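> here are the coordinates; sequence isn't available:
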């Protein structure tokens, strides 16, 4: 069927497998990324991008007030 997209996600963790809006962690085979979904809002980034976000968050917490 035209317009169909194959779901290549591999779920790694989920609060509730029956609830589509549950918090979940997954790997995407097509993009090679790690996805995080909370409350229906999804972010997919590479492992290096997630690491850079964590480093930036740590650096901002270390800044003097």
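Everything's here; your move. Just so we're clear, the structure is a prediction, and the values are computed from it rather than from any experiment. Numbering: from 1, shown residues only.
> for the chain, which spans come out with low pLDDT?
1, 63-65 (pLDDT under 70).
> quick check, residue 56 in a helix?
Yes: membership of residue 56 in a helix is supported by DSSP: H, G, I helix; E, B strand; the rest coil.
> in the helix or strand where residue 44 lies, what counts as buried?
Secondary structure from DSSP states H and E places residue 44 in strand 41-45. Using 16 or more other Cβ atoms under 10 Å as the test for burial, strand 41-45 gives 44-45. The way it works is simple: take the backbone N, C-alpha and C, and place the C-beta from them, glycine included.
> quick one: the strands in this structure, in order.
Applying DSSP state E to the chain gives strands spanning 9-14, 24-28, 33-38, 41-45.
> quick one: the second one to chain centroid distance?
The reference is to strand 24-28. 6 Å (Cα atoms, centre = their mean, to the nearest Å).
> residue numbering should commence at 656 henceforth.
Okay, using 656 as the starting number, the last item reads as strand 679-683.
> kindly calculate the angle that it makes with strand 696-700.
The directions of strand 679-683 and strand 696-700 differ by 40 degrees, with axes from the mean of the first three to the mean of the last three Cα atoms, to 10 degrees as the criterion.
> by how many degrees do strand 679-683 and strand 664-669 diverge?
150 degrees.
> what lines up beside strand 679-683 in the sheet?
strand 664-669 (antiparallel), strand 688-693 (antiparallel) (DSSP bridges).
> what of the last one?
Strand 696-700 has these partner strands in its sheet, going by DSSP bridges: strand 688-693 (antiparallel).
> hmm, who's touching the partner strand?
Residues outside strand 688-693 that contact it (Cβ atoms under 8 Å, 6 or more residues apart in numbering): 664, 677-683, 697-702, 704-705.
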